[in-house]
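[1] Build me a model:
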Amino acid sequence: MDWSLSKLIRIEKGTVGISTSDLRSLLSHYGIGDSERVNALVRLAKSSRERPWWAPYREHLPSADFEKLLGLESEATAIETFQSTLIPGLLQTQKYMHYVLRGIAHVMESSESADVREEVRLRRQQAVLLGDAPPMFKVVLDEATLRRVADDEQVMRQQLLHLAELSTRPNIVIQVIPFAAGPYVDSGTFAILSFDSTDAPVVYLENAWYDQLIDKDDQVSKYKTLLENLRKRALDPAASEQLIRKIADDFR
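    As a prediction, the model looks like this:
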């Protein structure tokens, strides 16, 4: 290939892309001649040089791991999440989101930064839930999340009706842990992202002070077990939708 060692290392680490001509030569050297496989890899090489939709917002993103999350969401075939205090960002209405981003999560930030965060969240909803091949999105919520008033009762009613409508989509499953299920142990907000390829699942943790991506198999396995135990305490999707609509009616 007549490459320097440093160029090879940068390509292998993913710090630089690879041209399609170099890629074809490399695949030939590796003995990969299947046209379907070659064309798929060439398409990936081309797309890797395109700027992601969040590139203009980089300076306003909360962390490097959050930026990685945006990229992983675009590749995920399934996203499973647990929330005990807030409606997940991907399912928030703009008014609920507006209240959360300004009144709770980032009170120390400027209004300009909050505006950008809101724009990023709306773009993220479009990219993940309205894309050509949206992932299966499974959510487990605590009933307290549905009853905790954000801003005012009308905002909550609109949010809950929006949640109920989303739950009727074939790729969105929402389950609620009712108060009647009793106390339980959780580890805060987290999401598990799975992929069709050979890539292993990852966990994204988020709280008020930091966020973190976890890819170690033993730790990911613990969160999978935790989510399954939480899901066993939850109502089934149909009963969960009924409860969401009932609480929405309480906010009339």
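[2] Helices of the stretch 101-250 of the chain, residue ranges please.
    111-129, 143-147, 153-166, 217-233, 237-250 (DSSP state H, counting those that start in this stretch).
[3] Run through who's touching the fourth one.
    Spelled out, that is helix 217-233. 80, 82, 140, 175, 177, 181-182, 184, 186-187, 190, 192, 200-203, 214 (Cβ atoms under 8 Å, 6 or more residues apart in numbering). Just so you know, the C-beta spots here come from the backbone N, C-alpha and C atoms, and that holds for glycine as well.
[4] among the helices of the stretch 101-250 of the chain, which is the most enclosed?
    helix 153-166 (a mean of 19; mean count of other Cβ atoms under 10 Å).
[5] quick one, what contacts the residue positioned nearest the centre of the chain?
    Central residue of the chain (Cα atoms, centre = their mean): Glu73, 5.2 Å from the mean position. Residues near Glu73 by Cβ under 8 Å, 6+ apart: Ile79, Arg124, Ala127, Val128, Pro135, Leu193.
[6] can we see that at 6 Å?
    Val128 (Cβ atoms under 6 Å, 6 or more residues apart in numbering).
[7] For it, identify the helix or strand it belongs to.
    Under DSSP states H and E, the secondary-structure element containing Glu73 is helix 64-75.
[8] Only the buried residues of that helix, if you could.
    Asp65, Phe66, Glu67, Leu69, Leu70, Leu72, Glu73 (16 or more other Cβ atoms under 10 Å).
[9] quick one: low-confidence parts of the protein?
    The chain contains residues with pLDDT under 70 at 104-111, 208.
[10] Domains in it, by residue range?
    Under the assignment automatic domain parsing, the domains of the chain span 5-48, 63-88+131-250.
[11] any chance of the ones you listed in TSV, plus distance to Gln94?
    TSV is the format used below for those (distance: least, Cβ to Cβ, whole Å):
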stretch	distance to Gln94
domain 5-48	30
domain 63-88+131-250	10
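[12] closest one to Lys95 among those?
    domain 63-88+131-250 (4.8 Å; Cβ to Cβ).
[13] Can you tell me what sits against stretch 12-29?
    With Cβ under 6 Å, 6+ apart, stretch 12-29 has contacts from Arg10, Ile11, Val38, Val42, Ala45, Ser48, Arg49.
[14] let's go with 10 Å and repeat that
    Around stretch 12-29, the neighbours that count as contacts under Cβ atoms under 10 Å, 6 or more residues apart in numbering are 1-3, 7-11, 32-34, 37-38, 41-50.
[15] Inside helices: which ones of those?
    7-11, 37-38, 41-48 (DSSP state H).
[16] List buried residues within those residues.
    Looks like these have Ile11, Leu41, Ala45 buried, using 16+ other Cβ under 10 Å.
[17] Return the residues in contact with the second one.
    Contacts were defined as Cβ under 10 Å, 6+ apart; by that measure Leu41 touches Ile18, Thr20, Leu23, Arg24, Leu26, Leu27, Ile32.
[18] Look up the closest residue to Ala248, ignoring the ones flanking it.
    Among residues not flanking Ala248 along the chain, Leu160 sits closest, at 3.8 Å (Cβ to Cβ, 6 or more residues apart in numbering).
[19] Tell me how far that neighbour lies from Gln154.
    From Leu160 across to Gln154, the span is 11 Å (Cβ to Cβ, to the nearest Å).
[20] Check Val176 too.
    21 Å.
[21] Start and end of stretch 184-192, how far apart?
    Stretch 184-192 has an end-to-end distance of 20 Å (Cα to Cα, to the nearest Å).
[22] quick one on the thing from earlier: quick one: residues contacting the residue nearest to Ala248.
    Per Cβ under 10 Å, 6+ apart, neighbours of Leu160: 87, 93, 96, 145-147, 243-251.
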